[in-house]
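S.K.: My questions are about this predicted structure, shown below with the sequence.
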Amino acid sequence: MDRMNLNLVVGDTPIRNEAVSVYRARAALRAALEGPRRDRRTIGLVPTMGFLHEGHLSLLRAARAECDLVVMSLFVNPAQFGPGEDLDRYPRDEERDLWLAGDAGADVVYAPPVAEVYPDGFATAVAVSGQLTEVLDGDPARRSPAHFRGVTTVVAKLFNLVGPDVAYFGQKDAQQAAVIRRMAADLDFPVRIEVLPIVREADGLAMSSRNAYLEPADRERAVALSRALITVEREARSATLQAGLEAGRHELAAAGIEPEYLEARDAERLDPVAELGDRPVLVALATQIGAARLIDNVLIQP
Ligand code: PAF
């Protein structure tokens, strides 16, 4: 374990001096959590792949407000990247992440090397089957179910290792959140899954570590994503869902953006929906803008 005393300024924000304990090995993390667990202290887990932004920090702050001990994992999980995806260039800045995590309330950061998570001979996967992992990003022509298999495998391992009372995820990855809820319920993990709202830049762009890939001109165009989703919701409420989707596509086309998908689905089951009804509807969008594949969504409440 490295115990760190931290002092940093990020942008204009002075970061409070904090101590965060960093573990690289499963056994050490398990040992560190034994005491708190024995003392019945509640544990909150915030799984991340690092390069933290306000979205992650909102999860950490929520965990800090609700739990006695806040554990953040920091692991760029190779199992959820397909061939040709951005594993090698995924942005990383561990030092800055540790500062920010400590300031937002993390007590413990688990930042293992790949061989600690997937040691030689590793041969197990946790997969949610069916529609939840086969549509939207799960479509075999897109990231495919293998992406979600990578996510559920690593998240199941983290649940086993940390034994959290509550685990925090962002609504920006709405499909991932639905898949993780299913996995936790199906495998009887005694954990409450909290999904917190998307955090956006002042102009509406959903925060994402991958926004770092955007060149200035692409960054400007990317604002059309949130604008399109606002349009979809407005038109869906005032006219029909189909009219909303059509108007959203026009908004994207006007910015020269061809979506991989812009679809309306039941927010929990991900069945396609044709009109608003008495259940929340997820309108989800994915597109490539310059070097970044971006996703965004809006949840239309009944
Ligand atoms: O959302 C992410 O950052 C990742 O998919 C997660 C949940 C940390 C698993 O690697």
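M.R.: That came through, no problem.
S.K.: Next, find the distance separating the residue in the chain sticking out farthest from the centre from the ligand.
M.R.: Distance from the C-alpha centroid of the chain, by Cα atoms, centre = their mean, peaks at A239 (31.8 Å). Remark: distance between A239 and the ligand (Cβ to the nearest ligand atom, to the nearest Å) = 34 Å. (Each C-beta comes from the backbone N, C-alpha and C, glycine too.)
S.K.: One more: V71?
M.R.: 13 Å.
S.K.: Next one, pLDDT for that residue please.
M.R.: Listed pLDDT for V71 reads 98.
S.K.: again, but for A178
M.R.: At A178, pLDDT is 98.
S.K.: for A19, same thing?
M.R.: For A19, pLDDT reads 75.
S.K.: Over to it. Which of the three states is it?
M.R.: Under DSSP: H, G, I helix; E, B strand; the rest coil, A19 falls in the strand class.
S.K.: what does V155 give?
M.R.: Assignment for V155 (three-state DSSP): helix.
S.K.: Now do the contacts for it.
M.R.: P47, A167, I180, M183 (Cβ atoms under 8 Å, 6 or more residues apart in numbering).
S.K.: repeat that with 6 Å
M.R.: I180 (Cβ atoms under 6 Å, 6 or more residues apart in numbering).
S.K.: same thing with L270?
M.R.: Residues near L270 by Cβ under 6 Å, 6+ apart: Q131, L132, V135.
S.K.: Looking at those, state which has the most neighbours.
M.R.: Of the contacts of L270, L132 is surrounded by the most neighbours, 22 neighbours in total, counting by other Cβ atoms under 10 Å.
S.K.: excluding its backbone neighbours, what's nearest P145?
M.R.: T133 (4.3 Å; Cβ to Cβ, 6 or more residues apart in numbering).
S.K.: Actually, D137.
M.R.: D137 sits nearest to R143 (Cβ to Cβ, 6+ apart), 4.5 Å away.
S.K.: quick one: the one you found from the ligand, how far?
M.R.: 11 Å.
S.K.: May I have the phi/psi pair for that residue?
M.R.: Torsion angles at R143 (phi, psi; degrees, to the nearest 10) stand at phi -80, psi -20.
S.K.: What is the burial count for it?
M.R.: 24.
S.K.: Quick check: it touching L136?
M.R.: No. Contact between R143 and L136 fails when scored by Cβ atoms under 6 Å: they sit 8.9 Å apart.
S.K.: picking that back up, out of the contacts of L270, which comes closest to the ligand?
M.R.: Set against the ligand, the nearest of these by Cβ to the nearest ligand atom is L132 (14.8 Å).
S.K.: need the helices for the stretch 1-150 of the chain, in chain order.
M.R.: Applying DSSP state H, counting those that start in this stretch to the stretch 1-150 of the chain gives helices spanning 26-38, 54-66, 94-104, 114-117, 145-162.
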